[in-house]
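S.K.: Sequence first, then the predicted structure, then my questions.
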Amino acid sequence: QVQLVESGGGLVQAGGSLSLSCVASGLTFDTYSMGWFRQAPGKEREFVAGISWAAGSIYYADFAKGRFTISRDNAKKTIYLQMNSLKPEDTAIYYCAASPRVAPTTPSEYNYWGQGTQVTVSS
């Protein structure tokens, strides 16, 4: 049974930082592309960042470039999202996801999802 478990969310003031983690189990982790998505109330789930199985390819949504950094540790079956210079509009539930595809950026390309972790940025 595949499980993805996110952690690290919380409340932070605008301009602050948070670091999210996602631990995977039940899958051959180093054969999957991994990604972070987010969903704010009343909005569709949107792509944040993705990383290929060997971390040779990393890609970001435009809003994340320069502020967010995705990384992975295959030995620990974990991915990370370092978020800096946070803005109130970054408030959302953040999800990690796993995909067997190359450079996936849409929710339909991902097979497995975590339960999400809430990030709230106050102004």
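M.R.: Thanks, I have it.
S.K.: Every contact and neighbour count from this point should use C-alpha atoms.
M.R.: Fine.
S.K.: which intervals of this protein have sub-threshold pLDDT?
M.R.: Along the chain, no part satisfies pLDDT under 70.
S.K.: Just the element for the residue nearest the centre of it, please.
M.R.: For the chain, the residue sitting closest to the mean C-alpha position, by CA atoms, centre = their mean, is W36 at 2.1 Å. Using DSSP states H and E, W36 sits within strand 33-39.
S.K.: re earlier: apart from its neighbours in sequence, what residue is nearest the residue nearest to the centre of the chain?
M.R.: C96 (4.5 Å; CA to CA, 6 or more residues apart in numbering).
S.K.: Neighbouring strands of the strand holding W36 in the sheet, and parallel or not?
M.R.: strand 46-51 (antiparallel), strand 92-99 (antiparallel) (DSSP bridges).
S.K.: just the strands in this structure please.
M.R.: Ranges of strands within the chain are 3-7, 10-13, 18-25, 33-39, 46-51, 58-60, 68-73, 78-83, 92-99, 112-113, 117-122, based on DSSP state E.
S.K.: can you redo these as TSV with distance to T106?
M.R.: What follows is the strands of the chain, written out as TSV (distance: least, CA to CA, whole Å):
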stretch	distance to T106
strand 3-7	18
strand 10-13	25
strand 18-25	19
strand 33-39	9
strand 46-51	6
strand 58-60	12
strand 68-73	17
strand 78-83	18
strand 92-99	10
strand 112-113	13
strand 117-122	19
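S.K.: Indicate which one of those strands is closest to T105.
M.R.: strand 46-51 (5.9 Å; CA to CA).
S.K.: centre of the chain versus the closest one, how much separation?
M.R.: Remark: strand 46-51 is offset 6 Å from the chain centroid, using CA atoms, centre = their mean, to the nearest Å.
S.K.: So what touches it?
M.R.: Contacts of strand 46-51 from elsewhere in the structure, counted by CA atoms under 8 Å, 6 or more residues apart in numbering, are 33-39, 57-61, 63-64, 69-72, 103-107.
S.K.: That concludes my questions; thank you for your assistance.
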